[in-house]
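**Student:** Show me how the following folds:
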Amino acid sequence: MESNVFQLQYAIDTFYFLVCGALVMWMAAGFAMLESGLVRAKNTTEILTKNVALFAISCIMYLVCGYAIMYGGNVFLAGIADVDVASVLGDFAGRDGGFEGGSIYSGASDFFFQVVFVATAMSIVSGAVAERMKLWAFLIFAVAMTGFIYPMEGAWTWGGASVFGMYTLGDLGFSDFAGSGIVHMAGAAAALAGVLLLGARKGKYGPNGEIRAFPGANLPLATLGTFILWMGWFGFNGGSVLKLGDIASANSVAMVFLNTNTAAAGGAVAALITARLMFGKADLTMLLNGALAGLVVITAEPSTPSALTATIFGALGGVLVVLSIVAMDKMRIDDPVGAISVHGVCGLLGLLLVPVTNGDVSFSGQIIGAITIFVWVFVASLIVWGILKAVMGLRVTEEEEYEGVDLSECGMEAYPEFVSGKP
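**Tutor:** Purely as a prediction, here's the structure:
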């Protein structure tokens, strides 16, 4: 009987992990649609190419070395093995209340769930450097980001390793449930380093300080991308509970789903109201980024807040993301899709809000953890971007940027019947 119960729980937890991983993988489509909708038509094919290619590169690099760096073990399929059924059954039989404690699922399902997180972090970089970066420079950076930079900070956080042998973030009271800092802020830090070396798009900022809007080519696509990301986030946060096959875990999953949804709603409404007060209009792009901001904020801790508290947390993210996007433009940091504000600034907010509802986490631990993640990813990325700039250059020529990177980098246009390739 105990063996049957264990096998059923193993099957449920493994299946749940795989389904959540598939939902997170679907977020790649969300990023592709969101970014292709927010860039100009002449840069659509290239942004789609980047999103498909970076996902493939992420999967390969995390398989070859990333997972091993993050969780220890040997290179190539490191640590990816099925549960030792005999030993776990012995543990199960020795507990009066059945198997509680460590999660029980296929090691391959754990790898699959982890690898789609890596791809998510890299997708954040794609939109921020859009419309002026060389395709192959970006893809080479993706190799470094997914194979080494991200796995290193992942080892210090979810992997439990000490930071350069000095301190363990978990011992300092750091917690990041599903990756507001580990995934989202890390992606934004890498993006910021690239944007600073890359520079703004031609004509974005005038000589007298004026900021020129470059409207996205397809807002219906951007809206579709946001809804896809919203849906995928249920796997992102829900899967981070790590199991489903017992009452406590099932209740936790339900609460995580509820809080994820309501935080997105709070962020969307708050951003829409903030944009209306600041600009006098209902700005769709701010509404979309507000929903994503709410999702990023709640990702740090979606299990302990009440639904109302999660809504408030999301609303704080919605207000903050509008203010941050405006501030970034004033600082002449050109981010075509607002990725640095959504994932970086709001990722930090999410980390700082965790101690409000989770008494086991300290503000000092969250701050130290955030600084550790940001400094490592930003500095390491700056070095890699710098090397690429010196060796092959990061930016396309001014003429290529004017014509659109679709033609110069991919040799085709996304809308050839409607767009001439010129601005």
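
**Student:** any idea which element residue 269 lies in?
**Tutor:** Using DSSP states H and E, residue 269 sits in helix 247-279.

**Student:** hang on, residue 321 packs against residue 348?
**Tutor:** No - at 11.7 Å, residue 321 does not count as touching residue 348 under the criterion of CB atoms under 8 Å. The way it works is simple: take the backbone N, C-alpha and C, and place the C-beta from them, glycine included.

**Student:** Of these two, which one has the most company?
**Tutor:** residue 321 (30 against 25; other CB atoms under 10 Å).

**Student:** who's in contact with that one?
**Tutor:** Residue 321 makes contact with 267, 271, 286, 289, 290, 292, 293, 338, 341, 342, 345, 346, according to CB atoms under 8 Å, 6 or more residues apart in numbering.

**Student:** Disregarding residues adjacent in the polypeptide, which is nearest to the third one?
**Tutor:** Spelled out, it's residue 286. residue 275 (4.0 Å; CB to CB, 6 or more residues apart in numbering).

**Student:** Could you tell me how many residues sit around the one you found?
**Tutor:** 24.

**Student:** Can you point out the helix or strand that includes the nearest residue to residue 244 once chain neighbours are set aside?
**Tutor:** Nearest residue to residue 244, sequence neighbours excluded (CB to CB, 6+ apart): residue 16, at 4.1 Å. Per DSSP H and E: residue 16 is located in helix 2-38.

**Student:** any idea how far residue 62 is from residue 351?
**Tutor:** As for residue 62, its distance to residue 351 is 23 Å (criterion: CB to CB, to the nearest Å).

**Student:** whoops, I mixed them up, residue 146
**Tutor:** Residue 146 is 22 Å from residue 351, by CB to CB.

**Student:** And the two? Which one has more around it.
**Tutor:** Between residue 146 and residue 351, counting by other CB under 10 Å, residue 351 is the more crowded of the two (29 against 26).

**Student:** before we move on, which element is residue 364 in?
**Tutor:** Residue 364 belongs to helix 363-391, assigned by DSSP H and E.

**Student:** Averaged pLDDT, that helix. What do you get?
**Tutor:** For helix 363-391, the mean pLDDT works out to 98.

**Student:** buried set for it?
**Tutor:** 365-366, 368-370, 372-374, 376-378, 380-382, 384-385, 388-389 (16 or more other CB atoms under 10 Å).

**Student:** swap in stretch 391-402?
**Tutor:** Buried residues in stretch 391-402 (16+ other CB under 10 Å): 394, 395, 396, 401.

**Student:** Surely the last one touches residue 202?
**Tutor:** Going back to what we said before, that points to residue 401. Yes - between residue 401 and residue 202 there is a contact under CB under 8 Å: 5.7 Å.

**Student:** Which neighbours do those two have in common?
**Tutor:** residue 132.

**Student:** where in the stretch 51-200 of the chain is pLDDT low?
**Tutor:** 73-105 (pLDDT under 70).

**Student:** re the thing from before, contact partners for the residue nearest to residue 244?
**Tutor:** 105, 239, 243, 244, 245.

**Student:** which among those gets closest to residue 33?
**Tutor:** residue 239 (21.7 Å; CB to CB).

**Student:** can you map out the helices along the stretch 201-350 of the chain?
**Tutor:** 219-238, 247-279, 284-299, 307-330, 339, 346-357 (DSSP state H, counting those that start in this stretch).

**Student:** quick one: pLDDT of residue 3?
**Tutor:** 70.

**Student:** do you know how far it is from residue 9?
**Tutor:** In terms of CB to CB, residue 3 sits 11 Å off from residue 9.

**Student:** The two: who's more crowded?
**Tutor:** residue 9 (21 against 11).

**Student:** so that one touches residue 250, yeah?
**Tutor:** No - the criterion here is CB under 8 Å, and residue 9 misses it with residue 250 at 11.3 Å.

**Student:** Tell me which residues of the helix holding residue 16 come out buried.
**Tutor:** 6, 9-10, 12-14, 16-21, 23-25, 27-38.

**Student:** Run the angle between whatever helix or strand comes next after it and helix 219-238 for me.
**Tutor:** Note on helix 2-38: by DSSP H and E, the next helix or strand toward the C-terminus is helix 44-61. With axes from the mean of the first three to the mean of the last three CA atoms, to 10 degrees defining the directions, helix 44-61 sits at 20 degrees from helix 219-238.

**Student:** Enumerate the positions of helix 44-61 that are buried.
**Tutor:** 44-51, 53-55, 57-59, 61.

**Student:** and the helix or strand immediately after that helix in the chain, how far from the chain's centre?
**Tutor:** Note on helix 44-61: by DSSP H and E, the next helix or strand toward the C-terminus is helix 67-71. Here helix 67-71 shows a centroid-to-chain-centroid distance of 18 Å under the convention CA atoms, centre = their mean, to the nearest Å.

**Student:** And stretch 168-188, by the same measure?
**Tutor:** 12 Å.

**Student:** And for stretch 398-407?
**Tutor:** 28 Å.

**Student:** What lies in contact with it?
**Tutor:** Against stretch 398-407 from outside (CB under 8 Å, 6+ apart): 40-46, 131-133, 135, 201-202, 395-396, 408-409, 412-414, 421-423.

**Student:** Export it to CSV, keeping only CA atoms.
**Tutor:** Output in CSV follows, covering the C-alpha atoms of stretch 398-407 (Å, rounded to 0.1, in the frame of the first residue of the first chain):
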residue,chain,number,x,y,z
GLU,A,398,24.0,53.6,-39.1
GLU,A,399,22.7,52.7,-42.6
GLU,A,400,21.7,49.2,-41.5
GLU,A,401,19.9,50.6,-38.5
TYR,A,402,18.1,53.1,-40.8
GLU,A,403,17.1,50.3,-43.3
GLY,A,404,16.2,47.9,-40.4
VAL,A,405,18.1,45.0,-39.0
ASP,A,406,15.7,42.6,-40.7
LEU,A,407,17.4,43.1,-44.0
